[in-house]
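Chemist: Got a predicted model here, sequence first, then my questions.
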Amino acid sequence: MATLLRLKRKELGLSAEEVASAIGVKRRMYYYIESDGKYPSRKVEKRLEQFFSIPASELLAEAEKPVT
């Protein structure tokens, strides 16, 4: 399932590699976080909040599927 983190990153036109580098984690770790495979440490949450200027609780929430 996609997270709002992925949606926000794509909205800003950033690659996963760019975000991973900016927040100081390996690309693989960022992919795990973005794909709901791993929940980040509080330290990484703070970096995500600072980078995107959005609370981590919102960034890491599941994106709702559009109603069709």
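Modeler: Right, received. Where do you want to start? Residues are numbered from 1 along each chain as shown.
Chemist: Relative to the whole chain's centre, how far out is the lengthiest helix in the chain?
Modeler: Counting residues, the longest helix in the chain under DSSP state H turns out to be helix 42-52. Once both centres are worked out by CA atoms, centre = their mean, to the nearest Å, helix 42-52 turns out to sit 9 Å from its chain's centre.
Chemist: who's in contact with it?
Modeler: Helix 42-52 is contacted from outside by 5, 8, 12, 19, 22-25, 29, 33, 40, 55-56, 59-60, using CB atoms under 8 Å, 6 or more residues apart in numbering. In this view, the C-beta of every residue, glycine as well, is placed from N, C-alpha and C.
Chemist: Would you map the helices across the chain?
Modeler: Secondary structure of the chain (DSSP H): helices at 4-11, 16-23, 27-34, 42-52, 56-59.
Chemist: Return the list of helices and strands in contact with the third one.
Modeler: Under the contact definition 3 or more CB pairs under 8 Å, 6 or more residues apart in numbering; DSSP states H and E, helix 27-34 sits against helix 4-11, helix 16-23.
Chemist: tilt between the last one and helix 27-34?
Modeler: Angle, helix 16-23 to helix 27-34, by axes from the mean of the first three to the mean of the last three CA atoms, to 10 degrees: 100 degrees.
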